[in-house]
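J.: Next input, structure requested:
(chains A, B, C and D)
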Number of protein chains: 4
Amino acid sequence: MSGIMRIGRLELRVLDLEESIHYYTNVIGLEETGRDKDRIYLKAWDEYDHHSIILQKSDRAGMDHMGFKVADVYALEKLEKKIEAFGCTLTRITDRTRLAEGQAVRFEIPTGHSMELYTEIEQVGTSTGTFNPHPWPDGLRGIAPHRLDHTLLTGDDLETVTRFFKEVLGFHQTEKIVTVDGETMVGSFLSATNKAHDLAFVKGPDNKFHHAGFFVDNWYEVLKAADILSKNKVQVEVTPTRHGITRGQTVYFFDPSGNRNEAFASGYLSYADFPTITWTEDKIGTGIFYHRREMIESFSKALT
Amino acid sequence: MSGIMRIGRLELRVLDLEESIHYYTNVIGLEETGRDKDRIYLKAWDEYDHHSIILQKSDRAGMDHMGFKVADVYALEKLEKKIEAFGCTLTRITDRTRLAEGQAVRFEIPTGHSMELYTEIEQVGTSTGTFNPHPWPDGLRGIAPHRLDHTLLTGDDLETVTRFFKEVLGFHQTEKIVTVDGETMVGSFLSATNKAHDLAFVKGPDNKFHHAGFFVDNWYEVLKAADILSKNKVQVEVTPTRHGITRGQTVYFFDPSGNRNEAFASGYLSYADFPTITWTEDKIGTGIFYHRREMIESFSKALT
Amino acid sequence: MSGIMRIGRLELRVLDLEESIHYYTNVIGLEETGRDKDRIYLKAWDEYDHHSIILQKSDRAGMDHMGFKVADVYALEKLEKKIEAFGCTLTRITDRTRLAEGQAVRFEIPTGHSMELYTEIEQVGTSTGTFNPHPWPDGLRGIAPHRLDHTLLTGDDLETVTRFFKEVLGFHQTEKIVTVDGETMVGSFLSATNKAHDLAFVKGPDNKFHHAGFFVDNWYEVLKAADILSKNKVQVEVTPTRHGITRGQTVYFFDPSGNRNEAFASGYLSYADFPTITWTEDKIGTGIFYHRREMIESFSKALT
Amino acid sequence: MSGIMRIGRLELRVLDLEESIHYYTNVIGLEETGRDKDRIYLKAWDEYDHHSIILQKSDRAGMDHMGFKVADVYALEKLEKKIEAFGCTLTRITDRTRLAEGQAVRFEIPTGHSMELYTEIEQVGTSTGTFNPHPWPDGLRGIAPHRLDHTLLTGDDLETVTRFFKEVLGFHQTEKIVTVDGETMVGSFLSATNKAHDLAFVKGPDNKFHHAGFFVDNWYEVLKAADILSKNKVQVEVTPTRHGITRGQTVYFFDPSGNRNEAFASGYLSYADFPTITWTEDKIGTGIFYHRREMIESFSKALT
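T.: Take a look at the predicted model:
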């Protein structure tokens, strides 16, 4: 009820713009909706807004910022005040700083990541339209996810960042991982919607990016996604499996700059009154990779 | 942002309680969580609250009421005022009128159906629990849906009832069907969440019940559901197909009293800022049954 | 062990060649491999031989002939003798009568249909090749079945035609439908391989064609096939469902000339020593459409 | 056309009979059909013969023998002569040496493994029966595969063992892996049917067992199989993925004695005239694990 509607956009830093465009449009299968100096704007076929992914040319990989779309300016103003009251410094991003975007407020969360809130962005519509639409469009390329689904970040103080998202931004915590003694939170899954997560954190270095998840319809589409990755010689880090956490079905892989991507399907529906599911750290392997039941070394280490 | 969290419960009138219990527990695969004089309380395995379906012994089939769970008492009070301001008469249902329930407010919507809003109900938890849970429980029976998903009702004045749900209860309209001249709304799909619909109306007699939809994971589970229905000699009205509206995958069938049920999978995710998808009445066949592309006579006529 | 390897080809009569080419290449998604005066040759992407479907321009729809590929000339000679001994008249089709084909023998079976046996046909290979192949090719169009799977024909004397296929051609009967008194066979499902059927007959007029089945991977591909048919405004006669007979998953539709087609998935594997499954005519609805459990009038009547 | 109908049975040595019974009946979900001193007989729900798996109590794991069912005694006699002509020594297993079995002939193949051919075994029928059957039975437990699908063995001289299966037993080779110089065969996939493989060999020590594959319907059933394995704390060696070779979908795991098992779905259909697909050893990772594209150390080393 805070007015945050959804994960709206993710700006990723990439090393080689042309190679990244090829990957995000032909392998992931997003649509390029615009470009300006040093930035490419992309959307998934089932998204209405002008873009959900921005690629920023940079000399290092990682996340520039993650943006949440807010219902209206009233909700946005109210959230701004709460963010400042929590002690974060707000920066105002002016209208059209980036293509098709209105104003936004930018701030740093306790884990050091930059976030933005905004309510204005051009709506360009989906590939199926809104008049007697077909259920899916012709001419899809690559994995062709429906939408950007969620982001996973790392940080040190997960208690504080969780408190920030719950108390200030009105998220609910769907799941958490705690040390066996119950003293320390080492994983936190947060939702502003009815999704199993819109944003998650695992214990690790501050201000690092773990992965961006794209939503595909079901487990068979996860298989097809993995097939497409292999055909395109994309490095698959984690072959198709189920998560214990979120129950989702997944395959993990890397973009050309080393930013981790995921094709994700079938997580449960969550509601604000659902209790937080608790995982203990000794079961983290099962929580993350339900079939393997142990961690994969690169999964903790490869961060951008 | 109105505070309505979800479709919480549906009270259905059934003719023969024992036969209905058999059907809802063994064929649908709900769990009986309680019974009192003339009522049976049931929940799906993946729901936390004490019940989502109440079967009420009656001499005629149909819906007694549909209830929405509200986030808290403040939201509930605010909604009460708006409902009264709209001109509906509120009745107060006292604590424990029905098993495991707190207070509720009951009112009649413009189509004549009874609705309730409430915030208190005992939470009994899911079959997988909240501590290092498995993704699905052992011992499931029948179709074993995750949850009650949505309800479809009929009524005459869909403009007014839509306005009521949008303006008073804060729903967004995800899709609508209009006459070819665009003058009259003959179908209205409404969501209080990120689901494609929590409640829908099609043009028809006031105060009639069309169906209750139960959520299953995917298209393969729709096949298994249809297989289970055939094994149990349940009448299948509409064999597995896709909806144009919601893109969902579906099978329709009847409970022993003639109340229509649906196993539903895979509708899209919706947000409050998404434009309403418009179907014209000449395409209603395609909208409802995307493969058949024409209506089924019983589908309009069999109401309870 | 008779040497019949598989259903090799089907020559269908079509009314409008251009319209049929569009349908079979863009909607079904076959590949055109050649054409000569009045005939178009097509193959599915996963077939090795030059063609499995031949479209013959004609003034009426229906089947010209169905051909089975035989392991070698010795097996072919032995089969010829047995066919003649059964009382059928053989015609010899000379080399290159049709594109890419060697010699064939043609004969009329007891239901009046023309069949051919052959062993020589050019092998052009699949779209994935035979050297370190990917599991599926890029650039598929339409339904894109793996192969021609089976044919269903109608005829009057199913006992005799079944005896012919079993005794002369070495098929095994996987399933049969009999009248309730057990006296008369009204359906016969025959396999020369480990498939649930390569050819089937249902009681009806002699020398009529009921449908050609194309194999798709699974139930989700049946959904996608049905979606593609609706997008292309192809008439869907039977929306996705399961067969009791063969357990297969299916959708039925018509080519532009009225020849019925099927996208079929997941039938069981059969072996020559498996007993014949028996259906009684009172359960024919369930046998054919497991969910609907009753016949569809057009399904018996629309024959070409 | 040699008369070999299928992989009929596999006798595995297990260390602890009770623990193995629990695993094969509750986790794999086979049905126990009999036991005698030191042996348990099991079948899958969709198999007709009395058993396909025999567990033999032993002090070491591994395969006692693999048996192929032959069409009739004439074919069996002819095969015996060809086996002896190849230079193998035949032993005759008398009627009822094992439960429900008739006579068999036993012989050692060039890789040192024991094989049997037989034609007589009691037929007990499937769980769905042969009279107006449902597509699947109620009361399935665990993974509940349809049938034993194939076996993979290791051996040193794959050229000779391949020649034996092709020339003597009439198999066709569907795929092979060769060294990059094309000189040496290091993998050989052989089919006596229309399946992608009934038996396969990879280069390794003679007379060792790599795995037994059980057939499940589709990729979603592979997911459910992996879920069931995790719930039962069975070690999953290879989480769900696709094979390049056979295109099948798979999960690998171990029985309590260390014998590797597989749940396998969706391999292609093969015919005797299909060319052998060739993989070069540098692509063996992709051939075996299409998504990972590299070998897993345990997969080559863990043999019984």
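J.: show me what contacts A:Asn218?
T.: Residues near A:Asn218 by CB atoms under 8 Å, 6 or more residues apart in numbering or on different chains: A:249, A:265-266, B:218-219, B:266, C:220. (C-beta placed from N, C-alpha, C; glycine too.)
J.: can you pull up the bridge partners for A:Glu31?
T.: According to DSSP bridges, the partner residues bridging A:Glu31 are A:Lys43.
J.: what sits against it?
T.: Counted by CB under 8 Å, 6+ apart, A:Glu31 has contacts A:25, A:42-45, A:127.
J.: Measure how buried the spatially closest residue to A:Thr91 that is not a sequence neighbour is and give me the count.
T.: Nearest non-adjacent residue to A:Thr91, counting by CB to CB, 6 or more residues apart in numbering or on different chains: A:Arg106, 4.4 Å away. A:Arg106 sits with 18 neighbouring residues when counted by other CB atoms under 10 Å in any protein chain shown.
J.: just to revisit the earlier point, nearest to D:Val238, of the contacts of A:Glu31?
T.: A:Ala44 (31.0 Å; CB to CB).
J.: What values do phi and psi take at the closest one?
T.: A:Ala44 has phi and psi values of phi -80, psi 160 when expressed as degrees, to the nearest 10.
J.: Please tell me how far it sits from A:Gly29.
T.: 8 Å (CB to CB, to the nearest Å).
J.: which neighbours do these two share?
T.: A:144-145.
J.: The two: who's more crowded?
T.: Each of A:Ala44 and A:Gly29 has its neighbours counted (other CB under 10 Å); A:Ala44 has more, 23 against 19.
J.: Just confirm that one contacts A:Gly142, I think it does.
T.: No. Using CB atoms under 8 Å, A:Ala44 makes no contact with A:Gly142, being 10.9 Å away.
J.: Counting by contacts, list what the helix or strand A:Glu116 falls within packs against.
T.: Per DSSP states H and E, A:Glu116 falls inside strand A:114-118. Contacts defined by 3 or more CB pairs under 8 Å, 6 or more residues apart in numbering or on different chains; DSSP states H and E place strand A:114-118 against strand A:4-14, strand A:62-70, helix A:73-86, strand A:104-108.
J.: give me that answer again for 6 Å
T.: Judged by 3 or more CB pairs under 6 Å, 6 or more residues apart in numbering or on different chains; DSSP states H and E, strand A:114-118 is in contact with strand A:62-70, strand A:104-108.
J.: any chance of those in JSON lines, with mean pLDDT too?
T.: Shown next, in JSON lines, are these (pLDDT from 0 to 100):
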{"stretch": "strand A:62-70", "mean pLDDT": "98"}
{"stretch": "strand A:104-108", "mean pLDDT": "98"}
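J.: Return the most buried member of the ones you listed.
T.: strand A:62-70 (a mean of 23; mean count of other CB atoms under 10 Å in any protein chain shown).
J.: I would like the residues contacting it, please.
T.: Residues outside strand A:62-70 that contact it (CB atoms under 6 Å, 6 or more residues apart in numbering or on different chains): A:3-6, A:8-13, A:56, A:76, A:114-119, A:151, A:209, A:304.
J.: In the stretch 201-304 of chain A, mark out all the helices, start to finish.
T.: Along the stretch 201-304 of chain A, counting by DSSP state H, counting those that start in this stretch, helices occupy A:219-231, A:284-288, A:297-301.
J.: Noted, bye for now.
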